[in-house]
Each structure stands twice: as C-alpha cells, then as structure tokens.
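*Asks:* sequence and predicted structure below; questions after.
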Number of protein chains: 2
Amino acid sequence: MADPKAPAVILDAPQLGENIGAVARVMANFGLADLRLVNPRHGWPQERAWAAASGADWPLNAARVFESVAEAIADLQLVYATTARPRELQLPVLTPREAAAGLAEAAAADQATGLLFGGERAGLETSDVALCHAVVTVPVDARFRSLNLAQAVAIAAYEWRMTRADAPPAAFRPMAAPADRAAMAGLFEHLERELETSGFFHPPEKTPAMVQNLRAALSRARFTDQEVRTLRGVVTALSRGRGKVLEKLARTKEGRRGG
Amino acid sequence: MADPKAPAVILDAPQLGENIGAVARVMANFGLADLRLVNPRHGWPQERAWAAASGADWPLNAARVFESVAEAIADLQLVYATTARPRELQLPVLTPREAAAGLAEAAAADQATGLLFGGERAGLETSDVALCHAVVTVPVDARFRSLNLAQAVAIAAYEWRMTRADAPPAAFRPMAAPADRAAMAGLFEHLERELETSGFFHPPEKTPAMVQNLRAALSRARFTDQEVRTLRGVVTALSRGRGKVLEKLARTKEGRRGG
C-alpha cells in the first residue's frame, strides 16, 4: 500500500489510542505504512486507534509492538529522533526538511530508515536519542512549543512526501550502507563491557552520560558492517592484548625461574 | 503574540469544536494568531475548542465569526484556498511550499494575507474558491486523500514558518567544532601504537590498508576535541587494563605464594 522505501515511524510510549490512530492517518496521507510501537501505555491493539484513523487501517493492522526503542530500530540503518528538548548530545540538529533529504538519500541507496517520536508527555529518553543519527526539530514558535504528536509526524511525513514528488534519480553512492542499529548495539555493548572491566567509568554515577556521549560520537560516523567488524576487532585486540602480555610475562617468569 | 504579517486562517463551516481547537494549537505552534470562523456548525464559542487547544487560547479568544467567506476575507489582499478537490476554475495550483513563498512575498510588501480551509466533510464551495488568488493542494497519496483539517492547517502554517526562520531553533547546544587534524593524528597514532603492541595488524603487509580504513571510518564522525580526549581515554583504559590485570595477577600469585 505504500512506498517500500518510506521511513518507518516509531512511537515511543504513546499514551492515547486516538493519537496512534491520527498518526496512522497522516502516514497513509503521505505514503508511509511501517508503524512500530514501543510500550504503548494502554496496550495494543486499542479500538480507539482504529476509530481515529478514519479508514487508514493498514498501518494499524500491520503495527508491531516492541519493548525497547533499541529493539524497534534494530534493523534500521538511518534513524532520526524528533524532539523539542535540548540534549547534551553531540548530534546534528536537522529541520524536518533536512531530515527528509537525508532519509531520501538513504532510501535511494536502499537503506532502511526510521523516524522516532516520543510519547505525548514525557518525550524521548536521552539514552534512546543517543541511538539515533541526528535530532529533528520542528521550527515551532518559542512562545508555544507544545506540538501534537500526530502533527509532528504529519510534518515529517509531508516533507518525506515532498522529496518523492520531485524525486531526483537514485543518488550515486559509492559508500557501503551503514550497519543496522543491532550491529551498532553489539559494538557499543562490547566496547562498554571492556571499558567497565578496565575501570574506565569513574565516578560510577557518570557512566550513563559517558556511555551516551561515546555512542553519539561513534554513531555519527555511520560505520559500515565491515567497519563495525573491524572496530570489534580493535576492541578485542586491545583486550586480548592483556592476555598476550600475561602470556609473555608468564613465559618470562618461567624463563627466569628456569634460569 | 504572533507575527503581525502572518496569514489569517479562515475556516469555512467547521463542524467540530475539537478541530477548531486543534487548528488554534498549530497556529500558535507556528506563530499565527488571526483565526476567522465562517458559520461554525455548532455556534461559537464552543468549550471543546479551548479544551483541544492545550493552552493555545489566544487565537480562540480573538477569533471572529463571519456569515460568509466573502466577508471573512474582505480586508485581505492575498488569499489562497486549500482544497484537495479539482475545480473547474482557472486558478494556479500551488504546493504548500509555493503558497508560503507567495504569502511571504506579499507580507514583505505589507499586504494582509489569508489561508482559507473548508469544513471537515463538505470542503469549500467552488464559488468561495473563486474568491481566492490560487488553490493550494497538499501532495497527499492518491490512495488516502482524507487529510484532517488541523493537519492541513499545520502543514500550511509550518511552511509559512519555514519562510520566516529557515534554520533549526537556537535552543540546542551548537555542535562543537571538529578537532583539528593534529589532534586526530594524535588519536590515530595512539590507537595504532596500542594495536601494534596487541598484535592486531596481521599479516604485516596489510597494515597500511588497515590503518587507512580505520582512519577513514573514524574521521567521518568529525570528533570534537572533547571526544578525541575521551577516545584517547578509551584507548588508554583498554591498554591500562592490561596493567591492572597484571597487578591483580601479581597480587594473586603473591597471595598464593604467601599461602
């Protein structure tokens, strides 16, 4: 029913079924169909969503539910987080128009993309924003920032649609595709495990911020699968190094003892 | 409360108070304030409008009611009608983006402008569209054209706003500048030295290519100075880990020897 290259829409902890339905409706308006729900507050499915969708049932019928943002975006190669709140993260901040251009470019290179939106009240956790490649901010008036969820999706989806309306030919991209978020999560966890072991995270209360900053910094590079493998090799080598040093040391001691 | 040159929003025969409130909310989001209602179906004022506006009360408080579209737009110098239905009218058809450019140009010449929207079901009378200077059509997917009234206003108002401030808001911390190449070289050499020690580069003849690929991947992130320092800390921590393991091992051996 929709452009297979269109971005997925991921709603984190949406509260109201009406809003989920309104989101499905604007998705249908602009040719999006892949709806993903992370811990909807009142469970799923919710009848009120279908009532609010005014016939745009297919994104709701196909909606998938996840237990974390990380799981919901695991297969995606480019994810933008829409948020109005400033973050202490070193991520690019895009207008919806710039975001649409980025998504279109990625789609032209056959990459799976997504747009992440926070719940009606709480918005997004910074730790989830840190999993994304950039932040999208709708240029609202400073005097009234409170943008309805479906409106935020509408504007992002409209901008996506505008890139299709006058879509240029598929961009030539010699770059390999970025790794999906699951591969990146694997890299992050591997690195953080080793850093934990090595006593890098101190004081302990700063660990979450340090982890987020590292993740944001490394996310910006949009590593390919091959690069992720190489970097895991780097982490392993540096860690394994300990073992080698130990072996050498042991041999040296043996030698000394023997001599 | 809003840009005095912003277009008026004229709603012809709106049915639901909720939708009028939702329109007021998106107007406030994008710096519009002049709301005009032509024959609202359930009279005016309607409490539900204020409830739906989520605090964007001023467009509602100042809303004026008219008995015809002609009266509602009488003082305006440029008016665009938003409609999805084709018309037998020789009027230019604009995208919301083109419309915003036209409105901005008129506003720059101190002209009073407006955007006319039809009611939820019936849309606009062709005779009222004929009072306007052009037709605006949101580029919806042909498979699901039914765009919610407030969404249509949101997209038009968003496009207007984009002509005012074609940049993300200053609320976010600006991205720190990327580190200079000397700092990056320091990071690379540090990392490569440790990788060399740990036996990462094998076979040796592949070392130059491996180094280049690693450097290219990490360069893409455009790390800040702070991030370079953090990453050097990461390399140091992973390397220093060896020392800690050695110390522990030594202590354990001491312990064993002592016991």
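*Replies:* Now that the structure is in, tell me what you want to look at.

*Asks:* so which strand or helix has residue A:156?
*Replies:* Residue A:156 belongs to helix A:149-165 when assigned by DSSP states H and E.

*Asks:* what is that helix packed up against?
*Replies:* Packing partners of helix A:149-165 (3 or more C-beta pairs under 8 Å, 6 or more residues apart in numbering or on different chains; DSSP states H and E): strand A:8-12, helix A:17-29, helix A:96-108, strand A:113-117, helix B:17-29, helix B:149-164. In short, each C-beta sits where N, CA and C put it, glycine included.

*Asks:* okay, now the unreliable bits of the stretch 1-150 of chain A?
*Replies:* Low-confidence regions of the stretch 1-150 of chain A, defined here as pLDDT under 70, cover residues A:1-2, A:86.

*Asks:* for residue A:226, grab the count of nearby residues.
*Replies:* Other residues lying near residue A:226 total 12 when counted by other C-beta atoms under 10 Å in any protein chain shown.

*Asks:* any idea how far it is from residue A:67?
*Replies:* Using C-beta to C-beta, to the nearest Å, we find residue A:226 at a distance of 30 Å from residue A:67.

*Asks:* same deal with residue A:29?
*Replies:* Distance, residue A:29 to residue A:67, by C-beta to C-beta: 29 Å.

*Asks:* ok, the two, which is more surrounded?
*Replies:* Between residue A:29 and residue A:67, counted using other C-beta under 10 Å, residue A:29 has the larger neighbour count: 26 against 9.

*Asks:* now do the SS call for the nearest residue to that one once chain neighbours are set aside.
*Replies:* When the adjacent residues along the chain are set aside, residue A:29 lies closest to residue B:140, with 4.7 Å between them (C-beta to C-beta, 6 or more residues apart in numbering or on different chains). The assignment at residue B:140 comes out as coil when based on DSSP: H, G, I helix; E, B strand; the rest coil.

*Asks:* residues contacting residue B:140?
*Replies:* Remark: with contacts taken as C-beta atoms under 8 Å, 6 or more residues apart in numbering or on different chains, residue B:140 is in contact with A:29-30, A:161, B:84, B:147.

*Asks:* got a winner among these for most neighbours?
*Replies:* The most crowded member of these, judged by other C-beta under 10 Å, is residue A:30 (28 neighbours).

*Asks:* show me chain A divided up by domain.
*Replies:* Under the assignment named as automatic domain parsing, the residue ranges that make up the domains of chain A are A:8-164, A:181-258.

*Asks:* give me the number of residues near the closest residue to residue A:83 other than its chain neighbours?
*Replies:* When the adjacent residues along the chain are set aside, residue A:83 lies closest to residue A:124, with 5.3 Å between them (C-beta to C-beta, 6+ apart). The burial count assigned to residue A:124 is 24, neighbours taken as other C-beta under 10 Å.

*Asks:* what does residue A:48 give?
*Replies:* For residue A:48, the number of neighbouring residues by other C-beta under 10 Å comes to 15.

*Asks:* just the helices in chain A please.
*Replies:* Secondary structure of chain A by DSSP state H: the helices cover A:17-29, A:47-52, A:58-61, A:69-72, A:96-108, A:126-129, A:149-165, A:181-197, A:207-219, A:225-258.

*Asks:* most packed of those?
*Replies:* Taking mean count of other C-beta atoms under 10 Å in any protein chain shown as the contact definition, the stretch among those with the greatest mean neighbour count is helix A:17-29, which reaches a mean of 26.

*Asks:* give me the helices and strands touching that helix, please.
*Replies:* Using 3+ C-beta pairs under 8 Å, 6+ apart as the contact definition, the elements that helix A:17-29 packs against are strand A:8-12, strand A:35-38, helix A:47-52, helix A:58-61, helix A:149-165, helix B:149-164.

*Asks:* could you check the angle helix B:149-164 makes with the fifth one?
*Replies:* Helix A:149-165 runs at 70 degrees relative to helix B:149-164, counting by axes from the mean of the first three to the mean of the last three C-alpha atoms, to 10 degrees.

*Asks:* distance from helix A:149-165 to the middle of the chain?
*Replies:* Centroid separation for helix A:149-165 versus its chain: 18 Å, with C-alpha atoms, centre = their mean, to the nearest Å.

*Asks:* any chance of JSON lines for the contacts of residue B:140, columns distance to residue A:178?
*Replies:* Below are these laid out as JSON lines (distance: C-beta to C-beta, whole Å):
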{"residue": "A:29", "distance to residue A:178": "29"}
{"residue": "A:30", "distance to residue A:178": "24"}
{"residue": "A:161", "distance to residue A:178": "24"}
{"residue": "B:84", "distance to residue A:178": "37"}
{"residue": "B:147", "distance to residue A:178": "33"}
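
*Asks:* quick one: which of the residues you listed is nearest residue A:118?
*Replies:* Using C-beta to C-beta, residue A:30 is the member of those that lies nearest residue A:118, at 20.1 Å.

*Asks:* residue A:27 contacts residue A:9, doesn't it?
*Replies:* Yes: look at residue A:27 against residue A:9 with C-beta atoms under 8 Å: they come within range, at 5.9 Å.

*Asks:* between these two, which contacts overlap?
*Replies:* Between them, residue A:27 and residue A:9 have A:35, A:59, A:153, A:157 as joint contacts when contacts are counted by C-beta under 8 Å, 6+ apart.

*Asks:* okay, now the residue of the stretch 51-200 of chain A found nearest chain B: neighbour count?
*Replies:* When C-beta to the nearest C-beta is the measure, the stretch 51-200 of chain A has its nearest residue to chain B at residue A:198, with 3.3 Å between them. The burial count assigned to residue A:198 is 22, neighbours taken as other C-beta under 10 Å.
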